[in-house]
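Colleague: show me the folded form of this:
(chains A and B)
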Amino acid sequence: MNKLVLIAGGSTLVYAGLALLMGVAPGIMLSRTPPGPGVKPLTALEAEGREVYVANGCSYCHTQQVRPLAQDKVFGRPSAPGDFAYQTPELLGSERTGPDLSNVGARQPSAVWQYIHLYNPRAVVPDSIMPSFDWMFDVVDKAPAGVSPVPLPKAYAPPHGVVVPKHEAQALLAYLLSLKQSPLPTSEVAGDMGGSAEAAAPATPAASGKEASAPAAATQGSAKGKQLFSTNCSACHQETGEGLPGAFPPLKGNAAVNDPNPATHMHAVLFGLAGATIDGTKYESEMPEFGSMLSDADIADIINYERSSWGNHGKPVTAKDVAAERAKGK
Amino acid sequence: MTQMATTYSSGTFKEDDRALAKIFAGYSISAAAWLLFATFVGIVLAYKFGAPEFGSGAWLTFGRLRPIHTNATFYGFASIALVGLAYYVAVRSCRTAIYSTRLAWLGLALFNVAAIAGTIALDLGYSAGDLEYREWPWPIRVIFLAALLVTAWNLVATVARRSTEDIYLSNWYMMGGVLWTCIIAVVAILPWYQYGLGQVAVSGFYMHNAVGMWFTPLALGTFYYALPRLLNRPIYSYALGVFAFWTNLVFYPIIGSHHFLFSPLPWWLQTTAIVFSVAMLVPVLGGSANFLLTIRGHFGQMRESYPLAFIFVGVVGYLVGSTQGTFEAFRSLQAVWHLTNFTVGHSHLTMYGFVTFAIWGGTYALLPAATGKYPAQAGLALHFWMALVGSFIYVVSLSIGGTIQGMDWVNQLPFIQSVVDMQPFYVWRGVGGLLMFLSHFVYAWNVWRMTYGSSAKTVPQGSSQIVEDVT
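Modeller: Next up is the predicted model:
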């Protein structure tokens, strides 16, 4: 009997101790992490949307953790402990079959885009392998008052009637748009996340080195512009530059893009647009402001790519021009 | 045998034998059914990567089926199969009868109720949160905990009534695994202390311990019993096995946070996890060496004995998969592989290449000894080669694809490029997965022949004979 007590009892005691030390204790300590500056609880609708997100397992393909690595910069700033104060159950995720969503509300604030994308992701991202969430939408003959139908491209729209979001889609949208990282005081990056900053350090010189060499060769600049365009712009304006009729304006043949004076073009990219009428069509969808996410050089590369592609011939701009436009402010 | 005869009159002995065979058969059949279900869901999921519109609607959406696949594999198939093996190994190696057949059947019923309820709940959208391996709503996890408690009680009580002086090593691992997992389950269920980032820390602890302190010890316990049994020679070093037991116990619980490297979890927690991930090489290399040295000089027997071949693959899967895990924990490599399909390849290398092959090897080695019925040699061969080739294709394609995916990110290409680049590897994963899935029908057929079906007329070569004296 003694042997049994030693093996079964002893090992279980050891294990219980380690479970307390490595599971329960960190759990208790870290549950007390105070919310970061600007981190707010969700509204009732957003919380409901989060439940839709959980029920349908969005986090099996989308993470909500931005690592302090150069490759994660595109998703936002590195996640900080204070970001997770109101995040139970946690949704950090373990796989990125699709992109990280920590900051998707800032990166893609257009409700129109989000609805089209949820209804059928391939309508806006042809190569996407995300499932369609069309069952979160109703097909009706006529949209009820106050609800705008989702402006789907013909190929993806149902043969008859119009598509309107159900309540769960509206809640999910509210949650997705609530995913905006609050700006982080620089001291917190250096202090609380000492280790993370250390890991980010080696990445920074490499990144800035790339930027410095980019303007050296014009071809390299346009290749980089194409890449930046794919990452930041093509979801709405499409790789063809044709946009989606009625939802997102085309850049191909766009007056502002071909205007010898690039001010309007630069202003739109830097500060975004909302409710704009472009070449005679009024667009409901909102365009995010890229000024806070991208450098002047990157924005110049994007603008020059747009001004020289799809038959456009606008006058090219320099990073200095972008800086000057930025300095003028909104 | 002589000892046994002195303990029991031959009448009760036969009755106990029959009861044990029935329990073992019941667990094995139930496990086979869950494996078929779980991997069918897996095939549907794999297909969706190439055809995202396939199976539309809420009930068949990817995000609901994904946790159904993992949970059914873990808590339906692997848990039930390993507990069945644990009962058989405990009774035989302790030369006694099972403490309670009723508790064993109750446990099987509870495992099944939990897994069925969990599957339905997840498909209806009732998820405790997308928390890896603990998605079932908590009342269902309480049922699973009850199944564990019943099993722990029954196993410990069986070992307590042993007629041998010593407690054979297999029972250390198997009793330990069940007892520790009771603790893991409680830690995961209690809600009062895990919010936000605190829950992330608990998730890191849970997701690795649920695998490494549950499936690993039970699979290792199966090796320690089935290998000597098949080879008719004792384990190479008993002391090394004891050493691996304690080092595994102390190192494993500490490594969970390596699932959240570069996350906002405290840096010291992540570094500690990395250090102990390296320390895990000690029990892994020690254990694998022990198994391989036991087989040494008898590798040729694998030509005839498929049970031995299954166990050999399981041992190699344990060695390669665990060593790979150590390397994945390094920050430099994790920066490339984390969040990619490489991780999916890794989890199949370990859960399939190690644990599942261990289950099959154990079942093929021991179930015929319990029931007196044998599967056909051709059935064993077909199962073995389809599962082996299929899992090889599966793991290699996702490892290569995952590396490319990670490099696309490191090179800061537009994200969609990594989706496009994965396509051919998703196809190969589907090919491998289909072979694996088809092999499970053969496995189910083999289990049937070993239990209620008609036994193969000729005993497959290299099957373990009814020889008890290996411990």
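Colleague: every contact and neighbour count from this point should use C-alpha atoms.
Modeller: OK.
Colleague: per-residue confidence at whichever residue of the stretch 201-330 of chain A sits closest to chain B?
Modeller: Per Cα to the nearest Cα, residue A:231 is where the stretch 201-330 of chain A lies closest to chain B, at 4.7 Å. Residue A:231 carries a pLDDT value of 86.
Colleague: what residues go with each domain of chain A?
Modeller: According to automatic domain parsing, chain A comprises the domains A:111-165, A:216-328.
Colleague: okay, the ones you listed in a markdown table with mean neighbour count next?
Modeller: Shown next, in a markdown table, are the domains of chain A (neighbours: other Cα atoms under 10 Å in any protein chain shown):
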| stretch | mean neighbour count |
| --- | --- |
| domain A:111-165 | 18 |
| domain A:216-328 | 18 |
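Colleague: which one of the ones you listed has the poorest average confidence?
Modeller: Of all the domains of chain A, domain A:216-328 has the smallest average pLDDT, which comes to a mean of 88.
Colleague: could you pull up phi and psi at the residue of the stretch 201-350 of chain B found nearest chain A?
Modeller: Sorted by distance to chain A under Cα to the nearest Cα, the residues of the stretch 201-350 of chain B start with residue B:339, at 4.0 Å. The phi/psi pair for residue B:339 (degrees, to the nearest 10) reads phi 70, psi 0.
Colleague: wait, it touches residue A:99, no?
Modeller: No - judged on Cα atoms under 8 Å, residue B:339 makes no contact with residue A:99 at a distance of 10.4 Å.
Colleague: who are the contact partners of residue 236?
Modeller: Going with chain A. The neighbourhood of residue A:236, defined by Cα atoms under 8 Å, 6 or more residues apart in numbering or on different chains, consists of A:113, A:124, A:243-244, A:248.
Colleague: um, chain B though
Modeller: Counting by Cα under 8 Å, 6+ apart, residue B:236 touches B:290-291, B:293-294.
Colleague: now do residue A:49
Modeller: When contacts are counted by Cα under 8 Å, 6+ apart, residue A:49 touches A:168-176.
Colleague: count the residues that sit near the spatially closest residue to residue A:56 that is not a sequence neighbour.
Modeller: Once flanking residues are discounted, residue A:56 sits nearest to residue B:63: 5.0 Å by Cα to Cα, 6 or more residues apart in numbering or on different chains. Per other Cα atoms under 10 Å in any protein chain shown, the neighbour tally for residue B:63 reads 25.
Colleague: could you check how far residue B:63 is from residue B:122?
Modeller: 9 Å (Cα to Cα, to the nearest Å).
Colleague: which neighbours do these two share?
Modeller: Residues touching both residue B:63 and residue B:122 by Cα under 8 Å, 6+ apart: residue A:55.
Colleague: okay, residue B:339 and residue A:99: which has more neighbours?
Modeller: More crowded of residue B:339 and residue A:99, by other Cα under 10 Å: residue B:339, with 23 against 18.
Colleague: okay, now residue A:183: neighbour count?
Modeller: Per other Cα under 10 Å, the neighbour tally for residue A:183 reads 12.
Colleague: one more: residue B:381?
Modeller: A count of nearby residues for residue B:381, using other Cα under 10 Å, gives 17.
Colleague: Serialize the contacts of residue A:49 to JSON lines and add fields for neighbour count and distance to residue A:278.
Modeller: JSON lines is the format used below for the contacts of residue A:49 (neighbours: other Cα atoms under 10 Å in any protein chain shown; distance: Cα to Cα, whole Å):
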{"residue": "A:168", "neighbour count": "19", "distance to residue A:278": "32"}
{"residue": "A:169", "neighbour count": "23", "distance to residue A:278": "28"}
{"residue": "A:170", "neighbour count": "20", "distance to residue A:278": "27"}
{"residue": "A:171", "neighbour count": "22", "distance to residue A:278": "30"}
{"residue": "A:172", "neighbour count": "24", "distance to residue A:278": "29"}
{"residue": "A:173", "neighbour count": "25", "distance to residue A:278": "25"}
{"residue": "A:174", "neighbour count": "22", "distance to residue A:278": "27"}
{"residue": "A:175", "neighbour count": "23", "distance to residue A:278": "29"}
{"residue": "A:176", "neighbour count": "24", "distance to residue A:278": "27"}
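Colleague: and the residues you listed as TSV, adding pLDDT and distance to residue B:380?
Modeller: Formatted as TSV, the contacts of residue A:49 follow (pLDDT from 0 to 100; distance: Cα to Cα, whole Å):
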residue	pLDDT	distance to residue B:380
A:168	96	50
A:169	97	50
A:170	97	54
A:171	98	52
A:172	98	50
A:173	97	52
A:174	97	54
A:175	98	52
A:176	97	51
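Colleague: list the buried ones in the helix or strand containing residue B:400?
Modeller: Using DSSP states H and E, residue B:400 falls within helix B:377-410. Neighbour-count burial for helix B:377-410 flags B:377, B:379-381, B:383-384, B:386-388, B:390-409 (criterion: 16 or more other Cα atoms under 10 Å in any protein chain shown).
Colleague: how far away is the spatially most central residue of chain A from chain B?
Modeller: Centroid-nearest residue in chain A, with Cα atoms, centre = their mean: residue A:104, separated by 3.0 Å. Plainly put, residue A:104 is 14 Å away from chain B if you go by Cα to the nearest Cα, to the nearest Å.
Colleague: for the nearest residue to residue A:271 once chain neighbours are set aside, give me its contacts.
Modeller: Distances taken as Cα to Cα, 6+ apart place residue A:289 nearest to residue A:271, at 4.3 Å, with adjacent residues excluded. By Cα under 8 Å, 6+ apart, the contact set of residue A:289 is A:268-273.
Colleague: do that again at 6 Å, thanks
Modeller: A:270-272 (Cα atoms under 6 Å, 6 or more residues apart in numbering or on different chains).
Colleague: now swap in residue B:235 and tell me
Modeller: Residues near residue B:235 by Cα under 6 Å, 6+ apart: B:228, B:294.
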